[in-house]
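Visitor: predicted model and sequence below, questions to follow.
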Protein chains: 2
Amino acid sequence: MATLSQRHVVIERSQLPDLCVGCDSRAASVCNAIEDRDMARLAAITTSSEAPVGRVFIQEGESADNFFNITLGTARLFKLLPDGRRQITGFVGPGHFLGLAVSDTYAFSAEAMEPVRFCRFSRPRLRVLLDDFPALEKRLLEVAATELVAAQEQMLLLGRKTAVERLASFLLAQSVMGVPCGHPRAHLTLKMTRGDIADYLGLTIETISRTLTRLRNERLIDIPSTTDVIIRNHAALVNLAGGLNRSPTA
Amino acid sequence: MATLSQRHVVIERSQLPDLCVGCDSRAASVCNAIEDRDMARLAAITTSSEAPVGRVFIQEGESADNFFNITLGTARLFKLLPDGRRQITGFVGPGHFLGLAVSDTYAFSAEAMEPVRFCRFSRPRLRVLLDDFPALEKRLLEVAATELVAAQEQMLLLGRKTAVERLASFLLAQSVMGVPCGHPRAHLTLKMTRGDIADYLGLTIETISRTLTRLRNERLIDIPSTTDVIIRNHAALVNLAGGLNRSPTA
DNA sequence: CGGTCACTTGATCGTCTTCAATACCAGTGG
DNA sequence: CCACTGGTATTGAAGACGATCAAGTGACCG
């Protein structure tokens, strides 16, 4: 088990570019954020497991006994209302930590979108580890702060942006996902369904579909297939999205 | 300066009840979260300042040079869109830390709702302090995690709840604000305007007003003055709000 | 080839917004 | 004491954006 998860960790790190050391978005990746020796120590106390597509491997409200470190695949994080309305709070991939919940229960659910492999370790064990490696704790704090900033941006989106603006913001965010420093990608391959996007942006499937075709008709994007989007007019999208982290001139 | 802020800190702590040591919501207060000796050390490197009502003492997009620790008063945190639309991400009072931003610029603005007094200290200084006191860092992590959970709850509210549900959730949240463990207060005195509430809940002033009167007509609340709300039917509000952190039965 | 699932597109509906008028309250100065 | 002012809240009427309801298309797969 230990050796298995250890190998995953190594694979993870070797996949990541070694440049971009001083980059902002580097903090977003927990993988990059942890020293090699810490990662080894981390791997030693984890148990690796897998979740098939559709499996909810973290259930909101259940006892938050474990921390998770995704090593492969993608998952959606979401919260539900009693009548089934769903809000997706994020999509997470390799390198992401889950389970920072303070209370004794998880604050959200996590469901595998692709087959997901993750390392799991108990809270007490993490506590010990954090005591031994303050650097790890520092990094975790950075990660939490990064997510907090992202959450605030999402609040702005959900509370104040129109449908087009939300979709523009979403596409732009997707275009820089996993691109540490360089230029944003123009070709996106979405791993989520329209329903996922809708529940992430606080809209409905139909509105997502309509708005996408509208953006296509206005030549801002192309949609070669339902999973692929090509950004044709990046500047216009940025403008629509509300400047994308601009400093307000008002 | 140092002695001044130190006195504030002492005042802060003495105002807080010493019970409720094992309580969940204790983590939300940074004041409670820091050891006495750490607080003294903290106070030693801070400079205390004040902001009059309406003063924006943190500006989104500006260089994030300082951390802030509110010691008196209340402030609204918000983000703006280029055309002036505002999303309030939170209301913060004494004990709250600000400036956890990872990037080199603040991710939000902060404006004094009442006269605000705060201790300010530079990031490098905080870094030194965190190195000396791992316990402080651990607490900060808890605080960040708590805020993250709150942010996710707010995303659910903004993305998926109706106007009544949002207002019900808001009133209930207000009723437990500053009440660490005990029963929620029935009598609320709101420090924010309708406009603030609107920008916090992703609605308009008019909708807030209408929805409040609707709740009053349905005998769920009373509104003795524009700033005061009395919760008459707590259970009904909880039901409206969507169970309030319930574990979804679906 | 039939079935399922996801997506698209159209028509209608409802909630919240927008626009507008009025009421309210505190502070200020005549 | 009362009129005046500016900010804030309430209430009404009309409008818009997105939701809902519904039908149809296309891709994938047994």
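Guide: Cool, the structure landed. Numbering: from 1, shown residues only, chains lettered A, B, ... in the order given.
Visitor: what's the burial count for the residue lying closest to A:Leu130 once chain neighbours are set aside?
Guide: Leaving aside its sequence neighbours, A:Leu130 sits nearest to A:Glu137 (C-beta to C-beta, 6 or more residues apart in numbering or on different chains; 4.6 Å). Every C-beta, even on glycine, is put in place using the N, C-alpha and C of the backbone. When counting by other C-beta atoms under 10 Å in any protein chain shown, one arrives at 20 neighbours for A:Glu137.
Visitor: is A:Glu137 in a helix, a strand, or coil?
Guide: Counting by DSSP: H, G, I helix; E, B strand; the rest coil, the backbone at A:Glu137 sits in helix.
Visitor: that one and A:Ala101, how far apart?
Guide: 16 Å (C-beta to C-beta, to the nearest Å).
Visitor: ok, the residue nearest to A:Leu130 - contacts?
Guide: A:Glu137 makes contacts with A:Leu130, B:Pro134, B:Glu137, B:Lys138, B:Leu141, as judged by C-beta atoms under 8 Å, 6 or more residues apart in numbering or on different chains.
Visitor: start from the N-terminal end of chain A and give the strands.
Guide: Using DSSP state E, the strands assigned to chain A run over residues A:47-51, A:56-58, A:66-72, A:75-80, A:86-92, A:97-98, A:109-112, A:116-122, A:187-189, A:221-225, A:228-231.
Visitor: how confident was the prediction at the residue nearest the centre of chain A?
Guide: The structure's chain A has its C-alpha centroid closest to A:Val92; by C-alpha atoms, centre = their mean the separation is 3.2 Å. On the pLDDT scale, A:Val92 is placed at 95.
Visitor: for A:Ala173, same thing?
Guide: Value listed for A:Ala173 in the pLDDT field: 97.
Visitor: could you do A:Ile70 as well?
Guide: Among the per-residue scores, A:Ile70 shows a pLDDT of 92.
Visitor: list only buried entries from the contacts of A:Glu137.
Guide: A:Leu130, B:Glu137, B:Lys138, B:Leu141 (16 or more other C-beta atoms under 10 Å in any protein chain shown).
Visitor: how much space separates the third one from A:Leu172?
Guide: Going back to what we said before, that points to B:Lys138. Distance of B:Lys138 to A:Leu172, given as C-beta to C-beta: 35 Å.
Visitor: the last one now?
Guide: Taking C-beta to C-beta as the measure, B:Leu141 falls 30 Å from A:Leu172.
Visitor: where in chain A is pLDDT low?
Guide: Within chain A, the stretches with pLDDT under 70 are A:1-43, A:243-250.
Visitor: which non-adjacent residue is nearest A:Val55?
Guide: One correction, residue A:55 is Arg, not Val. A:Arg55's closest residue in space is A:Ala112 (C-beta to C-beta, 6+ apart), at 5.0 Å.
Visitor: and the helices in chain A, which stretches?
Guide: For chain A, applying DSSP state H gives helices covering A:2-15, A:30-33, A:36-44, A:123-132, A:134-160, A:163-176, A:194-201, A:205-217, A:234-241.
Visitor: wait, A:Thr211 sits on A:Lys161?
Guide: No. The criterion here is C-beta atoms under 8 Å, and A:Thr211 misses it with A:Lys161 at 11.8 Å.
Visitor: quick revisit: what sits against the residue nearest to A:Arg55?
Guide: So A:Ala112 contacts A:Ala51, A:Pro52, A:Val53, A:Gly54, A:Arg55, A:Phe57, A:Gly73, A:Thr74, A:Ala75 (C-beta under 8 Å, 6+ apart).
Visitor: one more time with 6 Å
Guide: When contacts are counted by C-beta atoms under 6 Å, 6 or more residues apart in numbering or on different chains, A:Ala112 touches A:Ala51, A:Val53, A:Arg55, A:Ala75.
Visitor: cool, and A:Leu158?
Guide: A:Gly202, B:Met155, B:Leu158, B:Gly159.
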